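> show me the folded form of this:
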Amino acid sequence: MPHPIMFDDDDPYLIRVREIALALPEATEVVAHGRPTFRCGKMFANYGGGEKGTKVRHDQSILFIPDDSERQALEEDSRFFVPAYLGAYGWLGLLLDDATDWTEVAELLDASYRQIAPKRAIAELDTR
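Numbers count the residues shown, from 1 in each chain. As a prediction, the model looks like this:
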């Protein structure tokens, strides 16, 4: 039985996340477990997710792999959460709202992308 779709294509936050994520070299979008995921071979971002250890869903959030040097500061910020499932692999989530700093989202997605993308894709990104 397939997972139910847990997003709306007209969601303005998802539209912004798509613009940022799909601008990265070789990035693609795949719906997995009912949510949009962004990949470059491997997954580097997920739109929406639940909070680890709770049944709280954050449908308007972005899940990403943080840079190790930034992890502690991000974990201390109330906008960030440890997501269910992916949190065990080091991922974090960022709540999105009208006050979201989209430059920060782009930086987080860039850092996440760089951790999984092949060298050729990172080289292409660096030449832009």
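> for this structure, which helix is longest?
helix 102-116 (DSSP state H).
> how distant is it from the center of its chain?
8 Å (CA atoms, centre = their mean, to the nearest Å).
> heading C-terminal from it, find the next helix or strand.
Where DSSP states H and E defines the elements, the next helix or strand beyond helix 102-116 is helix 119-127.
> quick check: buried residues in that next one?
Using 16 or more other CB atoms under 10 Å as the test for burial, helix 119-127 gives 121-122, 125. Backbone N, C-alpha and C define where each C-beta goes, glycine included.
> which residues are in contact with that helix?
For helix 119-127, the external contacting residues (CB atoms under 8 Å, 6 or more residues apart in numbering) are 24-26, 40, 110, 113-114, 117.
> quick one: pLDDT of the residue of the chain most remote from its centre?
The centre of the chain is farthest from one residue, M1, which by CA atoms, centre = their mean lies 25.4 Å away. Looking at M1, its pLDDT stands at 72.
> and the longest helix of the chain, which residues are buried?
Under the neighbour-count criterion of 16+ other CB under 10 Å, helix 102-116 has 105-106, 108-114, 116 buried.
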